[in-house]
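Undergrad: The following comprises the amino acid sequence and a computationally predicted model.
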Amino acid sequence: MEMVIDFPGGARVDAHFGPFTVPTDQPPSGGGRSSAPTPFLTFLSTIGTCAGIYVLGFCRQRGIPTEGIRLIQRMGADPMTGMVTDIDVTIELPEDFPTKYTDAVVRAADQCAVKKHFEHPPVIRVASHQAASASA
(Lines give C-alpha, C1' and ligand atoms only; values in the text may rest on other atoms or scores of the structure.)
Protein backbone atom coordinates (compact mmCIF):
# COMPACT_ATOMS: atom_id res chain seq x y z
CA MET A 1 0.00 0.00 0.00
CA GLU A 2 1.20 3.47 -0.82
CA MET A 3 0.07 6.83 0.53
CA VAL A 4 0.95 10.15 -1.03
CA ILE A 5 1.41 13.05 1.36
CA ASP A 6 1.19 16.58 -0.01
CA PHE A 7 1.01 20.18 1.11
CA PRO A 8 -2.19 21.88 -0.14
CA GLY A 9 -1.39 25.24 1.46
CA GLY A 10 -0.89 26.94 4.78
CA ALA A 11 -0.01 24.42 7.47
CA ARG A 12 -2.12 21.67 5.89
CA VAL A 13 -0.60 18.29 5.17
CA ASP A 14 -2.91 15.75 3.54
CA ALA A 15 -2.59 12.01 3.01
CA HIS A 16 -4.05 10.42 -0.13
CA PHE A 17 -4.61 6.71 -0.64
CA GLY A 18 -7.05 4.93 -2.89
CA PRO A 19 -10.07 7.21 -3.33
CA PHE A 20 -9.56 8.86 0.10
CA THR A 21 -7.96 12.00 1.43
CA VAL A 22 -7.22 12.48 5.12
CA PRO A 23 -6.73 16.20 5.74
CA THR A 24 -4.70 17.57 8.64
CA ASP A 25 -3.99 21.11 9.78
CA GLN A 26 -2.44 22.95 12.68
CA PRO A 27 -4.11 25.34 15.10
CA PRO A 28 -3.52 29.08 14.58
CA SER A 29 -0.74 28.96 17.20
CA GLY A 30 1.07 26.52 14.88
CA GLY A 31 0.51 28.57 11.73
CA GLY A 32 -2.65 26.79 10.61
CA ARG A 33 -6.36 27.52 10.50
CA SER A 34 -7.69 24.51 12.47
CA SER A 35 -9.50 23.38 9.32
CA ALA A 36 -8.83 19.72 10.20
CA PRO A 37 -7.38 17.77 13.12
CA THR A 38 -3.65 17.78 13.64
CA PRO A 39 -1.75 14.74 12.36
CA PHE A 40 -1.17 13.59 15.94
CA LEU A 41 -4.84 13.79 16.92
CA THR A 42 -5.76 11.98 13.70
CA PHE A 43 -3.26 9.29 14.68
CA LEU A 44 -4.69 8.98 18.20
CA SER A 45 -8.26 8.82 16.89
CA THR A 46 -7.42 5.62 15.01
CA ILE A 47 -7.26 3.74 18.31
CA GLY A 48 -10.86 4.45 19.30
CA THR A 49 -12.27 4.22 15.80
CA CYS A 50 -10.54 0.87 15.24
CA ALA A 51 -11.86 -0.46 18.55
CA GLY A 52 -15.26 0.88 17.47
CA ILE A 53 -15.14 -1.15 14.25
CA TYR A 54 -14.58 -4.29 16.32
CA VAL A 55 -17.48 -3.39 18.64
CA LEU A 56 -19.69 -2.69 15.62
CA GLY A 57 -18.77 -6.04 14.04
CA PHE A 58 -19.39 -7.87 17.31
CA CYS A 59 -22.85 -6.34 17.63
CA ARG A 60 -23.77 -6.90 13.98
CA GLN A 61 -22.83 -10.58 14.17
CA ARG A 62 -25.19 -11.03 17.09
CA GLY A 63 -27.99 -8.75 15.92
CA ILE A 64 -27.42 -6.35 18.83
CA PRO A 65 -28.45 -2.74 18.07
CA THR A 66 -25.64 -0.22 18.42
CA GLU A 67 -27.87 2.68 19.42
CA GLY A 68 -26.66 4.05 22.73
CA ILE A 69 -23.22 2.43 22.48
CA ARG A 70 -20.25 4.74 22.37
CA LEU A 71 -16.57 4.56 23.08
CA ILE A 72 -14.81 7.18 25.17
CA GLN A 73 -11.05 7.46 24.71
CA ARG A 74 -8.91 9.31 27.24
CA MET A 75 -5.18 9.88 27.08
CA GLY A 76 -2.73 10.63 29.85
CA ALA A 77 0.48 12.50 29.10
CA ASP A 78 3.78 13.06 30.81
CA PRO A 79 3.75 16.76 31.81
CA MET A 80 7.51 17.03 31.27
CA THR A 81 7.69 15.58 27.76
CA GLY A 82 4.11 15.90 26.53
CA MET A 83 4.33 12.27 25.38
CA VAL A 84 1.23 10.13 25.74
CA THR A 85 1.77 7.69 28.60
CA ASP A 86 -1.50 5.79 28.66
CA ILE A 87 -4.71 5.45 26.70
CA ASP A 88 -7.99 4.25 28.15
CA VAL A 89 -10.92 3.23 25.96
CA THR A 90 -14.22 2.78 27.78
CA ILE A 91 -17.18 1.20 26.03
CA GLU A 92 -20.40 2.77 27.30
CA LEU A 93 -23.26 0.32 26.92
CA PRO A 94 -26.97 1.11 27.17
CA GLU A 95 -29.07 -0.45 29.93
CA ASP A 96 -30.66 -2.91 27.51
CA PHE A 97 -27.33 -4.28 26.27
CA PRO A 98 -27.29 -8.06 26.92
CA THR A 99 -25.21 -8.52 30.09
CA LYS A 100 -23.98 -11.92 28.90
CA TYR A 101 -21.99 -10.06 26.19
CA THR A 102 -20.47 -7.32 28.36
CA ASP A 103 -17.06 -8.98 28.78
CA ALA A 104 -17.09 -10.34 25.22
CA VAL A 105 -17.59 -6.91 23.64
CA VAL A 106 -14.54 -5.66 25.57
CA ARG A 107 -12.52 -8.64 24.30
CA ALA A 108 -13.69 -7.84 20.76
CA ALA A 109 -12.53 -4.21 21.03
CA ASP A 110 -9.25 -5.42 22.49
CA GLN A 111 -8.52 -7.19 19.16
CA CYS A 112 -8.19 -3.83 17.37
CA ALA A 113 -5.44 -3.96 14.74
CA VAL A 114 -4.25 -0.44 15.61
CA LYS A 115 -3.83 -1.44 19.26
CA LYS A 116 -1.86 -4.52 18.19
CA HIS A 117 0.44 -2.31 16.11
CA PHE A 118 1.04 -0.12 19.16
CA GLU A 119 1.98 -3.21 21.13
CA HIS A 120 4.29 -4.46 18.35
CA PRO A 121 5.29 -1.34 16.41
CA PRO A 122 6.65 -1.54 12.89
CA VAL A 123 10.08 -0.24 11.96
CA ILE A 124 9.71 3.27 10.51
CA ARG A 125 12.34 4.56 8.10
CA VAL A 126 12.50 8.10 6.76
CA ALA A 127 14.58 8.87 3.66
CA SER A 128 14.70 11.46 0.91
CA HIS A 129 14.67 11.08 -2.84
CA GLN A 130 15.30 13.90 -5.25
CA ALA A 131 13.31 13.71 -8.43
CA ALA A 132 15.33 13.66 -11.64
CA SER A 133 15.39 16.85 -13.66
CA ALA A 134 12.88 16.97 -16.52
CA SER A 135 15.31 18.73 -18.86
CA ALA A 136 16.09 16.83 -22.05
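TA: Cool, got the structure. Nothing here was measured: the structure is a model prediction, and the numbers come from that model.

Undergrad: Could I get the buried residue list for stretch 89-100?
TA: 89, 91, 93, 97 (16 or more other Cβ atoms under 10 Å). The way it works is simple: take the backbone N, C-alpha and C, and place the C-beta from them, glycine included.

Undergrad: Switch these over to CSV; also include secondary structure and pLDDT.
TA: Compiled in CSV, the buried residues of stretch 89-100 are given as follows (DSSP: H, G, I helix; E, B strand; the rest coil; pLDDT from 0 to 100):
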residue, secondary structure, pLDDT
89, strand, 97
91, strand, 98
93, coil, 98
97, coil, 98
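
Undergrad: So which residue is smack in the middle of the protein?
TA: residue 46 (1.3 Å; Cα atoms, centre = their mean).

Undergrad: Would you agree residue 5 falls within a strand?
TA: Yes. The assignment for residue 5 is a strand, going by DSSP: H, G, I helix; E, B strand; the rest coil.

Undergrad: What distance do you get for it to residue 53?
TA: Separation of residue 5 from residue 53 (Cβ to Cβ, to the nearest Å): 24 Å.
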